[in-house]
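Colleague: need a structure here:
(one chain, ligands or ions: 1)
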Amino acid sequence: MSTSFFGKYIVPEAAALRNTDSYRTIPPIDDGAAREILYGGTRLLNLASNNYLGLSAHPDLIEASAKALSRHGCSSGASRLVTGNFALAETLEAELATFKYQEAALVTGSGYAANLAVFSALADRHTVVFSDRLNHASILDGIALSGARLVRYRHLDMEHLEQLLGRERQVAKKIIVTDTVFSMDGDVAPLARLVELGKAHGALTVVDEAHATGILGRGRGLAAALGLSEDVDVHVGTLSKALGSQGGYVAGRLETIELLRNRGRSFVFSTALPPAVLGASLAALRHLKANPGEGARLMRMAKAIRDHLSGLGFDTMGSTTQIIPVACGRNRVALHAQALLRAEGLLVAAVRPPTVPQGTARLRLSLRADLTEDDLRRVRLGFSRLRVSFFP
Ligand code: PMP
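Modeller: A predicted model of the protein is given here:
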């Protein structure tokens, strides 16, 4: 009976969770994507969102979104394969494909859904997927959904990947997948070597450019930055971070996209994105094409902040991008540091297991291109003060 299940399992499990330091609540935030966020009514500088270029409030996106909304209404009404299609979606896909130097693209409801679509369409129980140990959860969930066997290699370790590929020589269908910029570490995959290994072992290569699109390679991602667009088979990403909108995409060869359109479960069995979101995404993409230098400017800003933090003795965990972790170790230390920074007017994320491995809790700053000189001064000052309270 459901009440006995509720009483026997749900109530005690919720109570046990409440007593741990990994318990989650939704923070009392309003205006969550803005440069300055309202936290319980107090204004804080927002160093915790993925709105890296501040595009979510850009007038061009708002205008395009409002226009699509007033022309087509609030919903797409069905999945793309039934009646949920719009000319806007097709234009967005055509422009995304070109932007990524690919033949075709498919837009999905989120970046999470994009990874589910990729693996449910391209992998099966006869496939082995080689995945960086720190790849995003949506990649792991996609692999689980596909029934493929997961083989995890040590973070960024191409020698380990090569060894594991060698052990699976008899397997015909192999896929190698990596985030390009890692969401909790801000470090970058060794893509040239990974592509070489993929070719040598006949493996399909899949990259998730969620945190690189809009930033690296004049906005086109790490593969483009390294001149590897044509060598990587499948390019996944999101429209919800630097593009300031919502949704995900997959770009690649025509036949790859054909399989996704037919078999990608999160694409086939889910209502299409609404017009307002498609309008904003297309405007964001056009903004990136017209302003290719914004990502590089953000990377320079990030380097200056990382240098400041390292100078203070903080460990930024190998980050080379706009995502800057500060190692804390224990959950309580991360939460305490977060609270101290909040008192300085700064909102940073305190990331804890299971999002990151046990014992590696950290602060995570995500910098954004719309920070002013004064904002950056506040960030430097806040961390200098944190240093004093931590190690007086
Ligand atoms: N891939 C990576 C690497 C991510 O970091 C995220 C979001 N945190 C996603 C996919 C999912 O994208 P979305 O938020 O658009 O669902």
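Colleague: Pull the number of nearby residues for the residue in the stretch 51-200 of the chain that the ligand sits nearest to.
Modeller: When scored by Cβ to the nearest ligand atom, the stretch 51-200 of the chain has Gly111 as its residue closest to the ligand, at 2.3 Å. To be clear about C-beta, it is placed using only N, CA and C from the backbone, and glycine gets the same treatment. Neighbour count of Gly111, defined by other Cβ atoms under 10 Å: 27.
Colleague: May I have the phi/psi pair for it?
Modeller: phi -70, psi -40 (degrees, to the nearest 10).
Colleague: Let me see the contact set for the closest residue to it other than its chain neighbours.
Modeller: Once flanking residues are discounted, Gly111 sits nearest to Thr238: 3.1 Å by Cβ to Cβ, 6 or more residues apart in numbering. By Cβ atoms under 8 Å, 6 or more residues apart in numbering, the contact list for Thr238 reads Ser110, Gly111, Ala114, Ala210, Thr213, Gly247, Gly248, Tyr249.
Colleague: okay, the residues you listed in TSV with distance to Arg385, secondary structure and pLDDT next?
Modeller: TSV is the format used below for the contacts of Thr238 (distance: Cβ to Cβ, whole Å; DSSP: H, G, I helix; E, B strand; the rest coil; pLDDT from 0 to 100):
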residue	distance to Arg385	secondary structure	pLDDT
Ser110	37	coil	98
Gly111	35	helix	98
Ala114	40	helix	98
Ala210	32	coil	98
Thr213	34	coil	98
Gly247	39	coil	98
Gly248	39	strand	98
Tyr249	41	strand	98
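Colleague: Just among the residues you listed, which is most surrounded?
Modeller: Thr213 (34 neighbours).
Colleague: Hmm, it is touching Gly244, no?
Modeller: No: at 11.6 Å, Thr213 does not count as touching Gly244 under the criterion of Cβ atoms under 8 Å.
Colleague: re the thing from before, now for the contacts of Thr238, which pair is the farthest apart?
Modeller: Maximum pairwise distance among the contacts of Thr238 (Cβ to Cβ): 14.1 Å, between Ser110 and Thr213.
Colleague: Looking at the strand or helix carrying Pro12 now, give me its mean pLDDT.
Modeller: In the assignment (DSSP states H and E), Pro12 maps to helix 11-18. Averaging pLDDT along helix 11-18 gives 95.
Colleague: got the contact list for that helix?
Modeller: Contacts for helix 11-18 (Cβ under 8 Å, 6+ apart): Tyr23.
Colleague: so after it, what's the next helix or strand?
Modeller: strand 29-30.
Colleague: Just the CA trace of the very next helix or strand once past that following strand, in PDB.
Modeller: Next helix or strand after strand 29-30 toward the C-terminus (DSSP H and E): strand 36-39. Presented in PDB, the C-alpha positions along strand 36-39 are these (Å, rounded to 0.1, in the frame of the first residue of the first chain):
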ATOM      1  CA  GLU A  36      23.200  41.000  -9.300                       C
ATOM      2  CA  ILE A  37      20.900  38.500  -7.700                       C
ATOM      3  CA  LEU A  38      18.400  38.900  -4.900                       C
ATOM      4  CA  TYR A  39      19.200  36.400  -2.100                       C
END
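Colleague: list the buried ones in strand 36-39?
Modeller: Across strand 36-39, burial judged by 16 or more other Cβ atoms under 10 Å covers Ile37, Tyr39.
Colleague: Please apply the same query to stretch 163-176.
Modeller: Quick answer for stretch 163-176 (16+ other Cβ under 10 Å): Leu164, Leu165, Val171, Lys173, Lys174, Ile175, Ile176.
Colleague: hmm, which two among those are most spread apart?
Modeller: Leu164 and Lys173 (15.1 Å).
Colleague: Tell me the residues of the stretch 201-350 of the chain that contact the ligand?
Modeller: With Cβ under 6 Å from any ligand atom as the criterion, the stretch 201-350 of the chain comes near the ligand at residues Asp208, Ala210, His211, Thr238, Ser240, Gly248.
Colleague: ok, those vs Ser56, which is closest?
Modeller: Looking across those and measuring by Cβ to Cβ, the closest to Ser56 is Ser240, at 9.2 Å.
Colleague: Next, the closest one: secondary structure please.
Modeller: For Ser240, the assignment made with DSSP: H, G, I helix; E, B strand; the rest coil gives coil.
Colleague: Correct me if wrong: it contacts Gly111.
Modeller: Yes: using Cβ under 8 Å as the test, Ser240 is close enough to Gly111 to be in contact (6.2 Å).
Colleague: Name the residues contacting each of these two.
Modeller: Gly247, Gly248.
Colleague: Does at least one residue of stretch 34-49 sit close to the ligand?
Modeller: No: using Cβ under 6 Å from any ligand atom, stretch 34-49 stays clear of the ligand, coming no nearer than 11.1 Å.
Colleague: which residues sit against that stretch?
Modeller: By Cβ under 8 Å, 6+ apart, stretch 34-49 touches 27-33, 54, 57, 342, 345-349, 364-368, 370-371, 375, 378-379.
Colleague: Much appreciated, bye for now.
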